[in-house]
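*Asks:* how would this look folded up:
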Amino acid sequence: MFYRDERLALFIDGSNLYASAKALGFDIDYKLLRQEFIRRGKLLRAFYYTALLENDDYSPIRPLVDWLHYNGFTMVTKTAKEYTDSTGRRKVKGNMDIELCIDAMELAPHVDHIVLFSGDGDFRPLVESLQRKGVRVSVVSTIRSQPPMIADELRRQADNFIDLADLKDVIGRPPREPAPAAENLQVAGEE
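*Replies:* A predicted model of the protein is given here:
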């Protein structure tokens, strides 16, 4: 539940939201996403977190990062580290959890409601801490994919769970082909 006079902030775990939308068969229209939450309350900030590949002359996610930056999103990026695991598979390490948590805790005194776009169970202690500070927390992910994209403990801790599938008609668009390779890579530590 949202109240028109409450101060909102969005915290978007980019790789997690991408994977959830992909599992549901659609892409996110970030302009519509931002408009939807402006409609729901007083949107103060919309943070988007993603890791970018190092030594990439062109990253497939770069156009999205640039567009978001110029269209009202606060971009939080860092260089991902690419490596080959023991089986010879290419892996990317670029977890943004700590940056998201620090930003959420710093902004907590200035907002009434935080919307977290992630299903990562590692965020349960963050949600609990924000709630102790008097901030309401909604979590956006999905239980309608196989397997579900949200950890049960995170869904239970949230004040409100919004299934991404319920937002498809509001913020979704048909998927583009081919999918951006950078968000497709499995990020180590984010299973």
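
*Asks:* partners of F47 in the sheet?
*Replies:* Taking DSSP bridges as the rule, F47 bridges to F11, T74.

*Asks:* Low-confidence stretches in this protein?
*Replies:* Along the chain, the model assigns pLDDT under 70 to residues 55-58, 177-191.

*Asks:* at 80 what do you get?
*Replies:* For the chain, applying pLDDT under 80 flags the ranges 53-60, 92, 176-191.

*Asks:* Leaving out chain neighbours, which residue sits closest to S129?
*Replies:* Leaving aside its sequence neighbours, S129 sits nearest to M105 (Cβ to Cβ, 6 or more residues apart in numbering; 6.9 Å). No exception for glycine: its C-beta is placed from N, CA and C like everyone else's.

*Asks:* and the one you found, what element?
*Replies:* Following DSSP states H and E, the helix or strand that holds M105 is helix 97-107.

*Asks:* Mind checking what helix or strand follows that helix in sequence?
*Replies:* Downstream of helix 97-107, the first helix or strand assigned by DSSP H and E is strand 113-117.

*Asks:* Which stretches in this structure count as helices?
*Replies:* All helices of the chain, identified by DSSP state H, fall at 14-24, 30-40, 62-70, 97-107, 124-132, 152-157, 164-171, 181-184.

*Asks:* Reformat those as TSV; add distance to F117 and mean neighbour count.
*Replies:* Converted to TSV, the helices of the chain look like this (distance: least, Cβ to Cβ, whole Å; neighbours: other Cβ atoms under 10 Å):
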stretch	distance to F117	mean neighbour count
helix 14-24	5	23
helix 30-40	9	16
helix 62-70	13	15
helix 97-107	10	16
helix 124-132	13	17
helix 152-157	12	17
helix 164-171	8	16
helix 181-184	14	18
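
*Asks:* Any idea which of the ones you listed gets closest to E54?
*Replies:* E54 lies closest, by Cβ to Cβ, to one member of these: helix 181-184, at 11.6 Å.

*Asks:* Show me what the helix holding M105 is packed up against.
*Replies:* Where contact means 3 or more Cβ pairs under 8 Å, 6 or more residues apart in numbering; DSSP states H and E, helix 97-107 is packed against strand 7-13, strand 42-53, strand 74-84, strand 113-117, helix 124-132.

*Asks:* at 7 Å instead, please
*Replies:* strand 7-13, strand 42-53, helix 124-132 (3 or more Cβ pairs under 7 Å, 6 or more residues apart in numbering; DSSP states H and E).

*Asks:* wait, which of the helices of the chain is closest to E6?
*Replies:* Nearest to E6 among these is helix 30-40; the distance by Cβ to Cβ comes to 8.6 Å.

*Asks:* can I get the CA coordinates of that closest one in PDB?
*Replies:* Provided in PDB are the C-alpha atoms of helix 30-40 (Å, rounded to 0.1, in the frame of the first residue of the first chain):
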ATOM      1  CA  TYR A  30      12.200   2.300 -17.000                       C
ATOM      2  CA  LYS A  31      10.400   5.400 -18.000                       C
ATOM      3  CA  LEU A  32       7.100   3.800 -17.200                       C
ATOM      4  CA  LEU A  33       8.500   2.300 -14.000                       C
ATOM      5  CA  ARG A  34       9.600   5.800 -12.800                       C
ATOM      6  CA  GLN A  35       6.200   7.300 -13.800                       C
ATOM      7  CA  GLU A  36       4.400   4.600 -11.900                       C
ATOM      8  CA  PHE A  37       6.100   5.300  -8.600                       C
ATOM      9  CA  ILE A  38       5.900   9.100  -9.100                       C
ATOM     10  CA  ARG A  39       2.100   8.400  -9.300                       C
ATOM     11  CA  ARG A  40       2.200   6.400  -6.100                       C
END
